[in-house]
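J.: any chance you could fold what I've pasted below:
(chains A, B and C)
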Amino acid sequence: MPELPEIETVKRTLTPLICGATIQSCRIIRPEVIKHPAPGDFALLLRGQRIASAGRRGKYLLLNLTGGDTLIAHLRMTGRMLCAPPEHALPLHTHVVFELDNGCELRFADTRRFGGLWLQRAGETDDFSGKQRLGPEPFDACFGADYLKARLGKRRITIKQGILDQAVVAGLGNIYADEALYLAGIAPDRRTDSISYAEWQAMAAAIIPVLESAIAHNGTTFSDYLDGAGREGQNLPYLQVYRRTGQPCRHCGTAIARIKVGGRSSHYCPVCQK
DNA sequence: CCGCGTTCCTGGGAGC
DNA sequence: TGCTCCCAGGAACGCG
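T.: Residues are numbered from 1 along each chain as shown, chains lettered A, B, ... in the order given. All right, here's what the predicted structure looks like:
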């Protein structure tokens, strides 16, 4: 499940492979993954454009084109943005192929087709991709205990739902939400209106190293995630709670529990997290 | 405004 | 062995 660390890794791995290259053609196999503009216009507008740089906003991957347009991608659950030579067989569920002039193809593949692509033209307001609704990046100076308390302190949702809300903070998904809650020592089903200031401090402070550590290990691969060069992430052995149901807490030895919070499976240590 | 349930989609695993 | 069912989850949407 590509979350912030995985998209950051895709961005970093794609950068040396595609930056400076020109898109010679855009082959759309599954038009429904093109969300904006209409698929035909999307392909026509991208042809001949040069990729200047790769960026990221929350879980959105951004390919900045030299003319000022931006190719926006969201991988959702199972999406992949892969750079490979054309002689490598197209992966199953490849929906769009960008042929580059450097001998590579950039391929968008997505088993469940929850993901999508948007083209934002220079000067065009993005009111279509959803990235305009994102809250701050966790690494932004404005993000911290005071911010979280102000945004969530009077709401009556669970802390897990609160930090998963992309409008509150951009980039956390189910894996790193659970990991951050473990590091903060807060149970996922705590209501946000019961969180103390010290706990908001712990919450904000936990998110940063959890994401940084995952980025340092090139993201977490369970089954689907691959970086821009087709490699798996190595963060799996470093997870403390996610998908470790029944296994001992690395701190106290108590069996990691799993409950449903807001419809999402949530993993936590009943002793270390209150 | 707020919180909750549903929806999209496919593959993998459990259970019979 | 083979079938069916359920579940994984990001985010939009509709409902009360």
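
J.: for A:Lys154, give its distance to DNA strand B.
T.: 8 Å (CB to the nearest atom of the strand, to the nearest Å). Every C-beta, even on glycine, is put in place using the N, C-alpha and C of the backbone.

J.: right, and the helix or strand after the longest helix belonging to chain A?
T.: Ranked by number of residues, the top helix in chain A under DSSP state H is helix A:197-216. Sequence-wise, the next helix or strand downstream of helix A:197-216 (DSSP states H and E) is strand A:257-261.

J.: interface residues of chain A facing DNA strand B?
T.: Residues of chain A lying near DNA strand B by CB under 7 Å from any atom of the strand: A:77, A:92-93, A:111-114, A:155-158, A:161, A:223, A:262-263.

J.: out of the residues you listed, which end up buried?
T.: Those of those that meet the buried threshold are A:His93, A:Arg113, A:Ile157, A:Thr158, A:Gln161, by 16 or more other CB atoms under 10 Å.

J.: contacts only, for the second one.
T.: A:Arg113 makes contact with A:Arg30, A:Glu32, A:Val33, A:His93, A:His95 under the criterion CB atoms under 8 Å, 6 or more residues apart in numbering.

J.: repeat that for A:Leu211.
T.: A:Leu4, A:Pro5, A:Pro138, A:Phe139, A:Gly171, A:Leu172, A:Tyr176.

J.: now the two most distant members of those.
T.: Maximum pairwise distance in the contacts of A:Leu211, criterion CB to CB, is 13.4 Å, between A:Phe139 and A:Tyr176.

J.: which residue is the nearest non-sequential neighbour of the residue in the stretch 1-150 of chain A positioned nearest to DNA strand C?
T.: Nearest to DNA strand C, among the residues of the stretch 1-150 of chain A, is A:Gly130, at 2.8 Å (CB to the nearest atom of the strand). Nearest residue to A:Gly130, sequence neighbours excluded (CB to CB, 6 or more residues apart in numbering): A:His74, at 7.5 Å.

J.: identify the bridge partners of that neighbour.
T.: A:Tyr60, A:Gly116 (DSSP bridges).

J.: correct me, but it touches A:Leu62?
T.: No - A:His74 lies out of contact with A:Leu62 (CB atoms under 8 Å); the separation is 10.4 Å.

J.: okay, those two: which has more neighbours?
T.: A:His74 (21 against 18; other CB atoms under 10 Å).
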